[in-house]
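> Got a sequence here, can you build the structure:
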Amino acid sequence: MSKEKIRKHRLSRNKSLPAVVIVTLLMMFGYFYMAQIVLGCGLSI
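Residues are numbered from 1 along each chain as shown. Below you'll find the predicted structure:
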């Protein structure tokens, strides 16, 4: 039983790493484009 739990934990930990990287990259691009839109609107006013 303990070996199965360790295996499941290792798999879940390995699967979460790509998800964290993808979410981080999406947030970085989202903030970058949001800053461009805010600056563009601010400069046009």
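> For Gly42, which three-state class applies?
helix (DSSP: H, G, I helix; E, B strand; the rest coil).
> From Gln36, how far out is it?
11 Å (C-beta to C-beta, to the nearest Å). Glycine gets a C-beta too; all of them are placed from N, C-alpha and C.
> pLDDT averaged over whichever strand or helix holds Leu26 - what is it?
Leu26 is located in helix 2-44, with elements delineated by DSSP states H and E. Across helix 2-44, the average pLDDT comes to 78.
> shift numbering so it begins at 15
Shifting the count to begin at 15 puts that one at helix 16-58.
> Can you report how many residues lie near Tyr45?
Neighbours of Tyr45 under the rule other C-beta atoms under 10 Å: 10.
> check contacts around it.
Contacts for Tyr45 (C-beta atoms under 8 Å, 6 or more residues apart in numbering) come out as none.
> cool, and Val52?
Counted by C-beta under 8 Å, 6+ apart, Val52 has zero contacts.
> Any figure for the gap between it and Met42?
If you measure Val52 against Met42 using C-beta to C-beta, the figure is 16 Å.
> With Leu31 instead?
Leu31 is 17 Å from Met42, by C-beta to C-beta.
> now Pro32
Distance from Pro32 to Met42, by C-beta to C-beta: 16 Å.
> And for Ala33?
Using C-beta to C-beta, which is the criterion applied here, Ala33 is 15 Å from Met42.
> Since that was my last question, I'll sign off now.
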